[in-house]
Each structure stands twice: as structure tokens, then as C-alpha cells.
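K.L.:
Turn this into a structure:
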Amino acid sequence: MLQIAFIRENQEKVIKALAKRNIDAKSVVEEVVQLDENRRAAQVELDNTLSESNKLSKDIGELMKAGEKAKAAILKEKTVSLKEKSKELSEKAEALAVELTNKLYTLPNLPADIVPEGKTPDDNLNVFQEGDIPVLHEGAQPHWELVKKYDIIDFELGVKITGAGFPVYKGKGARLQRALINYFLDKNTAAGYNEVQVPHLVNEASGFGTGQLPDKEGQMYHSTIDDLYLIPTAEVPVTNLFRDVILNESDLPVLHTAYTPCFRREAGSYGAHVRGLNRLHQFDKVEIVRVEHPDNSYAALDGMVEHVKEILQELKLPYRILRLCGGDMGFTSALTYDFEVFSTAQDRWLEISSVSNFETFQANRLKLRFKDKDGKNQLAHTLNGSSLALPRVLAGIIENYQTPEGIVIPEVLRPYCGFYIIN
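P.N.:
Residues are numbered from 1 along each chain as shown. So this is what the prediction gives:
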């Protein structure tokens, strides 16, 4: 959530920045500023009324001590009127604060200066590319055919049990999936991330804290009886570990990693680009989350990008990194880099990670602060990244490592798998 003080003092800057997201925010910004002025005016009037009421109460006590009961009675009648007025003003100020907060929830984060202009994924900026695209043998197949051939993932069985988008991993497919999870976690912990296990359902406050609510409410599975949400990413529970927390500056940075299943109700389109593992309703992901000092968050973002690059280099998958344009960035992000692996069998790029800096946007919602050297509370910066999302990494491995003899396991994963080929 954007800070109201910043909006109030930088209205034109906010409007211009949101225009990079292709949003005409002029009327909303003006409404937010007006609501804030009304709220502050109501609060000032309330404070003055309470102050007057307190002064009268003190005067009544003095008059009663002096035996001037008649004068005290007159003042008592006035305090009754002031109490009624203060109650009305308190309700008014509270209602305006709620309305202001709800309006602020509709404004996305401001893009960083280096975010490119653009409206669609076609406008994203390719900033890095590495790895040779393998030349596959004649008759090479996409992963949804290969997993059926080797009986390692069963999509039809998942439909029977639950529905489309809930695959069943079998035999060496399940072991390869587990190997990837353990490998990712080991890489992250070796890089200094503290592993945590977190709930897979969160309450509404957690959804609002990281910005999934109200923006992505339609994409989240909602257990209505308990009013809990299945997590779309470990980012939500891990970042909410720090909701309503004040850290010391010496505590920063804080680095966490977590493996969780993730659940998304994304409305399905049809075609090869969403077949098989390309888009699922339930999938596994290993996440990295950082809480940083504002002065260091962009250096930390660069470090996260390098960390994901190292994983893909070890997996020996061809990949590229995109700096997302204003029109393609997530609601909460100030700057996002997407990683994509190339699927030779599908002849297309598959997104497998997003690494983002949210600056103070999440921290403002979470009330996540740190005490600086002067003893003042400051909002921290939060960052997160997929390290990595498994389905498309698995698809890339299955397709790019296929041979006429079977699917060869990347060398770095063989100690985790206990086998070197799926045949």
C-alpha cells in the first residue's frame, strides 16, 4: 500500500508513475487526498472537542471543591453535549479512515525508474540470456507425451481424484520432483537463507498484508466456512511472519526460504501453451523472501537474480531474464525480473521464476518496521523470488534432456534422485 503522506506530497509524481502501468490515476489520487484531508479535519475537531471536555471536567472538580454546585451543574450539561459530539466525530473519523484505506488498497505500487514502458509481455526487456538450445533427436516429444510414455506423471488420474490441473506424480517422476525441492532448498540454505515450514492456509489479514487481497481474490481458493485462503505462493505466509513486527536495524537483512504446495484458481484458456505442466491449479514451489534496509534492497535484488542464475546454470537449462514492463508487472511490485527456460520440444519460453522488490509497499500494509540508528521506526523493504517453481522447470528438464534411450537426469540432481535416467 502506498503511504498517504507520500501521495499527499507527491501527487503529480504518483500519477505519472502509475501512468507507466497504463493507469490513469488522477481521479483516484485526488479522491485519496480529499479523503485524507477530511479525515484529518475530523480528527483535529475530535481532538479539540476531547480537550475541551477534559478541561471542563477539571473545572467541574474545582467548582465542586469550592462548593459552587450550581455552576458545576451548568458545566456538566455542557460536557454531556461534548461527549455526544465527540462520539459522532470519532465515528466520522473512523469511517473516513476505513474509506481511505479501502481506496488506497486499489492503487498498485509505483514502478521503479528503470521499469520499461509497455503494455504487454511483448514489451518486456530481455536483459540476459545464457545456455545453448539443445538439438533434439527426430521424433522428440513435448513433456505431456513423454510423461505418459514413461508413466511418471498422470494427468487423467488427477482429473479423476480432483479435476484438471491437479496431476499425480508417480515413481521416478515423484522422486525427480522431490529431488528438485531438496536441491533448491539446499542451494538456498547454503546461500544464507533460513529454512522455515509455514501453514498452507492463511487468514484474510495475511492476504491483505502481502497484497494478494483484494487484487487477486478471484485467483485464490477460499475456504468460506473458516474464512481461510489456500496460499498461491509461500511468499504470503513467510512474509507475514513479520506482520506487526519492529526489527532492530542490526537484525537486517532477514533471509528465509520455504517449500510449499501452491494453489491458484487461474481461469483456464486452452491450447498447447497451457497443456501438461505449463499451467496447474496445484504445484510445488520453493521461495526465497528477504526483509532489507531500504538502502540495500536493490543490491539484494541483484543478488537474488544471481542466485537463481546459478541454479539454472547448474541444471544446464537454456534461460533468459526479462525486466518486466509497467503493463506486465504484478500489483505489488516496484521492479520484477522474470526467468524463462526454453522448451525445445515446445519451441517456446516458459516462465519459471519471478524475482521482485516491493520496496515499502508490503511493509506499509504489514506494519513491518525497523528501528534505525536514531531510534526512529522506518518501514523496511521486502523482496521475494521463486527459487524455483517446479512444474515448468520439470517440463524443461523432461523435454530438453530427452534422448532416444530415455530422459537423462541433470548431473547436479543425480545424488538427490539416486538414478541417472528415466527409461
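K.L.:
hey, let's count contacts and neighbours off CA atoms from now on
P.N.:
OK.
K.L.:
buried set for stretch 25-32?
P.N.:
Applying a neighbour-count criterion of 16 or more other C-alpha atoms under 10 Å, one finds 25-26, 29, 32 buried in stretch 25-32.
K.L.:
what do you get for stretch 340-352?
P.N.:
Within stretch 340-352, the residues scored as buried using 16+ other C-alpha under 10 Å are 340-346, 349-352.
K.L.:
List just the nearest of the residues you listed to Tyr229.
P.N.:
Distance from Tyr229 was checked for each of those by C-alpha to C-alpha. The minimum falls on Ile352, at 23.5 Å.
K.L.:
contacting residues around that closest one?
P.N.:
338-341, 386, 388-390, 392-393 (C-alpha atoms under 8 Å, 6 or more residues apart in numbering).
K.L.:
Serialize the residues you listed to CSV and add fields for distance to Arg40, pLDDT and secondary structure.
P.N.:
Putting those into CSV (distance: C-alpha to C-alpha, whole Å; pLDDT from 0 to 100; DSSP: H, G, I helix; E, B strand; the rest coil) gives the following:
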residue, distance to Arg40, pLDDT, secondary structure
Asp338, 41, 98, strand
Phe339, 45, 98, strand
Glu340, 48, 97, strand
Val341, 51, 96, strand
Ser386, 41, 97, strand
Leu388, 45, 96, strand
Ala389, 45, 96, strand
Leu390, 49, 97, helix
Arg392, 50, 95, helix
Val393, 51, 97, helix
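K.L.:
Which one of those residues is nearest to Phe184?
P.N.:
If you rank the contacts of Ile352 by distance to Phe184 using C-alpha to C-alpha, Leu388 comes first, at 6.9 Å.
K.L.:
Just give the nearest non-adjacent residue to that closest one, would you?
P.N.:
In space, Leu388 comes closest to Val286 once its chain neighbours are excluded; the distance is 5.2 Å by C-alpha to C-alpha, 6 or more residues apart in numbering.
K.L.:
List the beta-bridge partners for that neighbour.
P.N.:
When bridges are called by DSSP bridges, Val286 pairs up with Tyr259.
K.L.:
Report the separation between it and Leu35.
P.N.:
41 Å (C-alpha to C-alpha, to the nearest Å).
K.L.:
ok, now Lys216?
P.N.:
Summarising the geometry, the distance separating Lys216 from Leu35, computed by C-alpha to C-alpha, is 25 Å.
K.L.:
Just want to know which of the two has more residues nearby.
P.N.:
Taking Lys216 and Leu35 together and counting by other C-alpha atoms under 10 Å, Leu35 has the greater number of neighbours (18 against 15).
K.L.:
Quick check: Leu56 touching Glu77?
P.N.:
No: here Leu56 lies out of contact with Glu77, judged by C-alpha atoms under 8 Å, at a distance of 10.4 Å.
K.L.:
Name the residue in these two with the higher neighbour count.
P.N.:
Of the pair Leu56 and Glu77, Leu56 is the one with more neighbours under other C-alpha under 10 Å, namely 18 against 10.
K.L.:
residue contacts, the more buried one?
P.N.:
With contact set as C-alpha under 8 Å, 6+ apart, Leu56 has these partners: 75-76, 79.
K.L.:
most neighbours, which of the residues you listed?
P.N.:
Thr79 (21 neighbours).
K.L.:
Now that one: closest residue in space, sequence neighbours ignored.
P.N.:
Beyond its immediate neighbours in the sequence, the residue positioned closest to Thr79 (C-alpha to C-alpha, 6+ apart) is Ser53, lying 5.8 Å away.
K.L.:
ok, so what distance separates that neighbour from Leu75?
P.N.:
10 Å.
K.L.:
of the buried residues of stretch 25-32, closest to Asp151?
P.N.:
Distance to Asp151 across those (C-alpha to C-alpha) is lowest for Ala25, with 52.0 Å.
K.L.:
I figured the closest one hits Ala17, correct?
P.N.:
No: with contact defined as C-alpha under 8 Å, Ala25 and Ala17 do not form a contacting pair (9.4 Å).
K.L.:
residues touching Ile114, list them.
P.N.:
For Ile114, no residue meets the contact criterion (C-alpha under 8 Å, 6+ apart).
K.L.:
for Gly211, same thing?
P.N.:
With contacts defined as C-alpha under 8 Å, 6+ apart, the neighbours of Gly211 are 1, 331-332, 362.
K.L.:
beta partners of Arg369?
P.N.:
On DSSP bridges, the residues paired with Arg369 through beta bridges are Ile246, Leu379.
K.L.:
what's the spacing between Thr257 and Asp251?
P.N.:
Looking at Thr257 against Asp251, where the rule is C-alpha to C-alpha, the gap reads 17 Å.
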